[in-house]
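Asker: sequence unknown, structure follows:
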């Protein structure tokens, strides 16, 4: 396993990544997002001290499957805060602020 953090995570291309699942950790303080691309795991993104969370994903009638990222932005602010936005095109967005970002990937 390889662990990336901060700007190294932000530099990854998130286009066409599939959101597989999300969960809370550390008593609801941290958000964990599991990602894959072309049925291969991208990794597990851990975001610490999440706040200002907005999840708005809408599936149309008779539509399903994992939401597909059209664009993602991750911006570090003053070394102590990250602003993340995952745009799922017509399906919606996930946006939030957190303290740190870590991506654990299979080697």
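Answerer: Yes, it's here. On a predicted model such as this, the values are computed, not experimentally measured, just so you know. Numbers count the residues shown, from 1 in each chain.
Asker: Name the surrounding residues that touch the lowest-mean-pLDDT helix or strand in the chain.
Answerer: Every helix and strand of the chain was ranked by mean pLDDT, DSSP states H and E. The lowest is strand 40-47, at a mean of 87. The contact list for strand 40-47, computed with C-beta atoms under 8 Å, 6 or more residues apart in numbering, reads 9, 12, 17, 25, 30-36, 82, 84, 96, 98, 100-106. C-beta here means a position set from N, CA and C on the backbone, and glycine is covered the same way.
Asker: in it, what's buried?
Answerer: For strand 40-47, burial by neighbour count (16 or more other C-beta atoms under 10 Å) applies to 42, 43, 44, 45, 46, 47.
Asker: Equivalent analysis for stretch 71-88, please.
Answerer: 72, 74, 82, 84, 86, 87, 88.
Asker: do the same with stretch 60-70
Answerer: 67, 69, 70.
Asker: and the one residue sitting closest to the centre of the chain, what pLDDT?
Answerer: Ranked by distance to the mean C-alpha position of the chain (C-alpha atoms, centre = their mean), the top residue is residue 33 at 5.3 Å. pLDDT, residue 33: 96.
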